[in-house]
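> Return atomic coordinates for the entry below.
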Amino acid sequence: MDSIANFFIQNYQMVTIVILSIFLGIEVISRVPSVLHTPLMSGANAIHGVVVIGAIIVMGSAPEDDYLALGLGFLAVVLGTLNVVGGFVVTDRMLEMFNKKKKR
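The predicted structure is shown next:
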């Protein structure tokens, strides 16, 4: 318990910034109209390719005998890839709604 308290005491500025950014994020997202929510979320999912790259870097630097790190890294790569692909699929479906229908 003392180590947790020491962490917060030593890093109170970073903890404060994280807490304030959480409140700011909630406030910004709550003011987005529902019409724009899906396009913003699909774009955010597509941007999560950074998570995939980070997971690959972590897996590459993990020791070969650390199966927990390798397993969690693999899971992060799989879930991040699904998130990226899902973001592109949703974005593509939304863009198709704006295309004019072709006559046969």
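
> alpha carbons only for contacts and neighbour counts from here, please
Noted.

> low-scoring pLDDT stretches of this protein, where are they?
Scanning the chain for pLDDT under 70 picks out the ranges 37-38, 42-43, 46, 102-104.

> Show me which helix runs longest in it.
When the chain is parsed with DSSP state H, its longest helix is helix 67-98.

> From the contact counts, what lies against that one?
In this structure, helix 67-98 makes packing contacts with helix 34-47, helix 49-61, judged by 3 or more CA pairs under 8 Å, 6 or more residues apart in numbering; DSSP states H and E.

> Quick check: which of the ones you listed is nearest to Asn6?
helix 49-61 (26.9 Å; CA to CA).

> quick check: angle from the closest one to helix 67-98?
Note on geometry: by axes from the mean of the first three to the mean of the last three CA atoms, to 10 degrees, helix 49-61 and helix 67-98 are set 160 degrees apart in direction.

> buried ones in helix 49-61?
Neighbour-count burial for helix 49-61 flags Gly49, Val51, Val52, Ala55, Ile56, Val58, Met59 (criterion: 16 or more other CA atoms under 10 Å).

> May I have stretch 86-98 exported as CSV, CA atoms only?
Coordinates of each C-alpha in stretch 86-98 appear next as CSV, following Å, rounded to 0.1, in the frame of the first residue of the first chain:
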residue,chain,number,x,y,z
GLY,A,86,-13.8,-2.8,-38.0
GLY,A,87,-13.1,1.0,-38.2
PHE,A,88,-12.4,0.8,-41.9
VAL,A,89,-15.4,-1.5,-42.6
VAL,A,90,-17.8,0.9,-40.7
THR,A,91,-16.3,3.9,-42.5
ASP,A,92,-16.6,2.2,-45.9
ARG,A,93,-20.3,1.4,-45.2
MET,A,94,-21.0,4.9,-44.2
LEU,A,95,-19.4,6.3,-47.3
GLU,A,96,-21.4,4.0,-49.5
MET,A,97,-24.6,5.6,-48.1
PHE,A,98,-23.6,8.9,-49.6
